[in-house]
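>>> Please work out how this folds:
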Amino acid sequence: MSNPSKQKGTKWETETLELIKRLYPDAIRSPAWGSEDRGDLHGTGPFTIECKAVKSFNLSQFIEEAKVEAKNAGKEFPVVFLKRPRKSTAEGYAIMEIGTYINLIEKIGANLEKP
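Numbers count the residues shown, from 1 in each chain. Okay, the predicted model is just below:
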């Protein structure tokens, strides 16, 4: 692999995969899906995970990409894992739309403390 940007992206996907395996032990990096992309990590329950390791952020574009991939994969919750410069993998960002967050909390919220 001679493309440095591709190497950086692959490294970030691999690092996030190792972290997410704490929750989803059978998770894998997704194969190349072509025009029917289903996200970068597969086997992550109801989540479609798109990994980004870039210098300049376009959150709107990233979220829209994750939403299309979630639809392709038949998943409920698109999320973007964004690399945070000079920080550990766990200190990266997990980004989703507020509506997605609300849907997620509604799904699991029966066990959450309410004010």
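
>>> Span of stretch 32-47 from start to end?
18 Å (C-alpha to C-alpha, to the nearest Å).

>>> Now tell me what touches that stretch from outside.
If you take C-beta atoms under 8 Å, 6 or more residues apart in numbering as the criterion, stretch 32-47 is touched by 13, 16-17, 20, 23-24, 26-31, 48-51, 65-66, 68-70, 72-73, 75-79. For the C-beta atoms, the positions are set from N, CA and C on the backbone; glycine is no exception.

>>> same thing with stretch 56-68?
So stretch 56-68 is contacted by 37, 39, 48-50, 52, 78-80, 82, 95-97 (C-beta under 8 Å, 6+ apart).

>>> mind listing the helices for the protein?
Remark: helices assigned in the chain by DSSP state H are 4-20, 59-73, 98-108.

>>> Residue ranges in the protein under the pLDDT threshold?
Applying pLDDT under 70 to the chain picks out residues 1-2, 33-34, 110-115.

>>> give me that answer again for 90
1-9, 30-38, 55-57, 105-115 (pLDDT under 90).

>>> Tell me which residue is most central in it.
Taking C-alpha atoms, centre = their mean, the centroid of the chain lies closest to Ile49, which sits 2.4 Å from it.

>>> what's around the closest residue to that one other than its chain neighbours, how many residues?
Sequence neighbours aside, Leu41 is the residue nearest to Ile49 in space, at 4.2 Å (criterion: C-beta to C-beta, 6 or more residues apart in numbering). Leu41: 23 surrounding residues under other C-beta atoms under 10 Å.
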